[in-house]
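# What would the 3D arrangement of this be:
(4 chains)
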There are 2 protein chains.
Amino acid sequence: MAPKENARDTASTKVAEALAEAIHEHRIAPGTKLNEDEVGEIYGVSRTVIRAALQQLAHQRLVELKRNRGAFVARPTVKEAREVFEARALLEPTMTRHAAARMTDADVAVLQSHIDAEHAALAAGQTGKALQLSGQFHIEVARIADQSTIEEIIAQLVARSSLIIALYWQRRAALCESNAHHALIKALANKDGALAEELMKNHLLDLLTSLDLREQTSAPQSLSEALKV
Amino acid sequence: MAPKENARDTASTKVAEALAEAIHEHRIAPGTKLNEDEVGEIYGVSRTVIRAALQQLAHQRLVELKRNRGAFVARPTVKEAREVFEARALLEPTMTRHAAARMTDADVAVLQSHIDAEHAALAAGQTGKALQLSGQFHIEVARIADQSTIEEIIAQLVARSSLIIALYWQRRAALCESNAHHALIKALANKDGALAEELMKNHLLDLLTSLDLREQTSAPQSLSEALKV
DNA sequence: TAATCCAATGTTGTATACAATTTAGTGCGC
DNA sequence: GCGCACTAAATTGTATACAACATTGGATTA
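Numbering: from 1, shown residues only, chains lettered A, B, ... in the order given. This next block holds a predicted model:
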């Protein structure tokens, strides 16, 4: 989350982050075409930096690039949704166990502050921000486990998860019911690795089953695309 | 491996692949600076496409971008090496079990052909190509498991592993002794998921322990960099 | 009327030009 | 001789110009 120390292209990274936020908050619908000139004028930069930003987002699978045809906001399929959560299920429980062993008081405080901020955002009706914070919780766990490589992978998967949740969310009331996160913090604070691991496993399963993953979803952007398949 | 259907930027992707090959074959030493003009002239394209290629490679962690200072061939640390193999250890055994359940005769043939090609490359002294094929084996397993998302993650980790192996390889004689791969194929062909999973787990452990992961490695590129820390 | 071809328009891919920053070297002062 | 400041060269960051490709709309023809 902290702006990468030596990441090149501050300008394009900023644009990429702004676009990512818009995508996660569903202000841009999946499938929408991102015209380079248009986006460039919005952010007041040239196509050069827009293209770099779009490439970054493509690597995160938040947009899809089609050669000679442009960039489109990603529309994750049901299969992709399952796969993303399968990957998380393989990585995060173990990370949680490792995190429990390394947990410090400061870490507990950080996680708790994330939950608090999430609640505040929910109360303020900022579901987009709440979703982002909820995801950040999972990334923090990997950071605490001191596994930066896996942390980056999880960060990517979390970003994709946000888009997936925005698309397939079913029971809209409880957003990633923070009970799960709360129980997790407790187990982590007690350094109960086995319990924390199990809780994370179940939490991810809950997340997945809370999605409506029947085929057919949001209406496609264009008729031609609808009839193509 | 198959050139992504709709990946944009054929030109920059080709350059990125050429550079990646050179990096993996150790023709460019880790830490080397990749001057944009220079690389551009070599491949006969403008800096525009070089920069796109370098950004792609940065996402794969094969090069590191430093703002206003340029691109450098990545020099994975010992910690990073451990982390990459830890990630693989979490993902690949399960993938192997899934692959066993879905294995077809065609899949067996594909895997076998990979091993054969690897042996041929080794016999011809093309260790770089052999290493690449050896890695491809692992990616194929994920493909057979029909988990394209995890397949992509593993592909990235394999690419980084190649660089790590090139840096930290210890017993140079036997390259990823294909006995392991051979035994794996057998278990997969027999649809013995439990055995295949165990073999993969051990294979990854073997790989990791075959590395010389004591701190201090290749000499730094420049004195200033050596004295900086 | 419907289908097809072609031209005109718009969009992306690439190269080049310019601006901002870093790096290297030179000379000055101590 | 050593260190510092300053200038010039080199390199990256960004914008613009041009080329290649795709799309759209209308005209033509059956």
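
# Just the buried residues of stretch A:144-154, please?
Buried positions in stretch A:144-154, judged by neighbour count with 16 or more other CB atoms under 10 Å in any protein chain shown: A:144-145, A:147, A:149-154. C-beta: built from backbone N, CA, C; applies to glycine.

# what sits against the residue in chain A positioned nearest to DNA strand C?
Relative to DNA strand C, the nearest point of chain A is A:Gly70 (3.0 Å; CB to the nearest atom of the strand). A:Gly70 makes contacts with A:33-36, as judged by CB atoms under 8 Å, 6 or more residues apart in numbering or on different chains.

# again with A:Lys191
Residues in contact with A:Lys191 (CB under 8 Å, 6+ apart) are A:100-101, A:103.

# Keep only these that also lie close to DNA strand C.
Filtering the contacts of A:Lys191 for proximity to DNA strand C by CB under 7 Å from any atom of the strand leaves nothing.

# out of those residues, who's nearest A:Leu207?
Closest approach to A:Leu207 among those (CB to CB): A:Ala100, at 20.2 Å.

# What is the burial count for A:Ile164?
Neighbourhood size, A:Ile164 [other CB atoms under 10 Å in any protein chain shown]: 24.

# shouldn't it be in contact with A:Val84?
Yes: applying CB atoms under 8 Å, one finds A:Ile164 in contact with A:Val84, separated by 6.3 Å.

# Mind listing the shared neighbours of those two?
Counting by CB under 8 Å, 6+ apart, the common neighbours of A:Ile164 and A:Val84 are A:Pro76.

# What parts of chain A come near DNA strand C?
A:33-37, A:47-48, A:51, A:65, A:67-71.

# ok, of these, which come out buried?
Here, 16+ other CB under 10 Å leaves A:34, A:36, A:51, A:65, A:71 buried among the residues of chain A next to DNA strand C.

# how far away is the most centrally placed residue in chain A from A:Phe137?
The geometric centre of chain A, computed from its C-alpha atoms, lies nearest to A:Ala159 (CA atoms, centre = their mean), at 2.1 Å. Using CB to CB, to the nearest Å, A:Ala159 is found at 14 Å from A:Phe137.

# how about the strands in chain A?
Under the criterion DSSP state E, chain A contains strands at A:33-34, A:63-66, A:70-73.

# So in chain A, which helix runs the longest?
Assignment by DSSP state H gives helix A:78-102 as the longest helix of chain A.

# coming back round to it: could you provide the buried residues of stretch A:144-154 in a markdown table, with additional columns for pLDDT and distance to A:Leu184?
Formatted as a markdown table, those follow (pLDDT from 0 to 100; distance: CB to CB, whole Å):
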| residue | pLDDT | distance to A:Leu184 |
| --- | --- | --- |
| A:Ile144 | 98 | 12 |
| A:Ala145 | 98 | 13 |
| A:Gln147 | 98 | 17 |
| A:Thr149 | 98 | 22 |
| A:Ile150 | 98 | 17 |
| A:Glu151 | 98 | 17 |
| A:Glu152 | 97 | 21 |
| A:Ile153 | 98 | 20 |
| A:Ile154 | 98 | 15 |
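
# Return the residues of chain A in contact with chain B.
Within chain A, the residues that sit near chain B (CB under 8 Å from any CB of the partner chain) are A:6-10, A:48, A:51-52, A:55-56, A:58-59, A:64-68, A:80, A:83-84, A:86-87, A:90-91, A:94, A:147-150, A:153.

# out of the residues you listed, who's near DNA strand D?
Among those, DNA strand D is touched by A:8-10, A:48, A:52, A:68 when using CB under 7 Å from any atom of the strand.

# Can you pick out the most distant pair from these?
Going by CB to CB, the pair spanning these furthest: A:Thr10 and A:Asn68, at 28.7 Å.

# Tell me how many other residues surround the closest residue to A:Asn68 other than its chain neighbours.
Leaving aside its sequence neighbours, A:Asn68 sits nearest to B:Arg8 (CB to CB, 6 or more residues apart in numbering or on different chains; 7.9 Å). A count of nearby residues for B:Arg8, using other CB under 10 Å, gives 21.

# B:Arg8 is in contact with A:Lys66, isn't it?
Yes: between B:Arg8 and A:Lys66 a contact is recorded at 6.9 Å, counting by CB under 8 Å.

# on that earlier part again, which of the contacts of A:Lys191 are buried?
Looking at these with 16+ other CB under 10 Å, the buried ones turn out to be A:100, A:103.

# between the contacts of A:Lys191, which is nearest DNA strand D?
A:Met103 (37.6 Å).

# from what I can see the closest one touches A:Ala187, true?
No: assessed by CB under 8 Å, A:Met103 is found out of contact with A:Ala187, at 9.6 Å.

# For chain A, which residues score under the pLDDT cut-off?
A:1-7, A:171-178, A:215-229 (pLDDT under 70).

# near DNA strand D, which residues of it show up?
Residues of chain A that fall close to DNA strand D, judged by CB under 7 Å from any atom of the strand: A:8-12, A:44-49, A:52, A:68-69.

# for these, which one is nearest A:Asp107?
A:Thr10 (29.2 Å).

# quick one: the closest one and A:Ala53 touch, right?
No: taking contacts as CB under 8 Å, A:Thr10 lies outside contact range of A:Ala53: 11.1 Å.

# Between those two, point out the one with more neighbours.
Shown here are A:Thr10 and A:Ala53; by other CB under 10 Å, A:Ala53 has more neighbours (29 against 13).

# got the contact list for that one?
Shown in contact with A:Ala53 (CB under 8 Å, 6+ apart): A:12-13, A:15-16, A:19.

# Could you do A:Glu64 as well?
So A:Glu64 contacts A:58, A:71-75, B:6 (CB under 8 Å, 6+ apart).

# farthest pair in those?
A:Val73 and B:Asn6 (14.8 Å).

# Who does A:Leu65 form a beta bridge with?
According to DSSP bridges, the residues that bridge with A:Leu65 are A:Ala71.

# Touching, it and A:Gln56? I think so.
No: the criterion here is CB under 8 Å, and A:Leu65 misses it with A:Gln56 at 11.0 Å.
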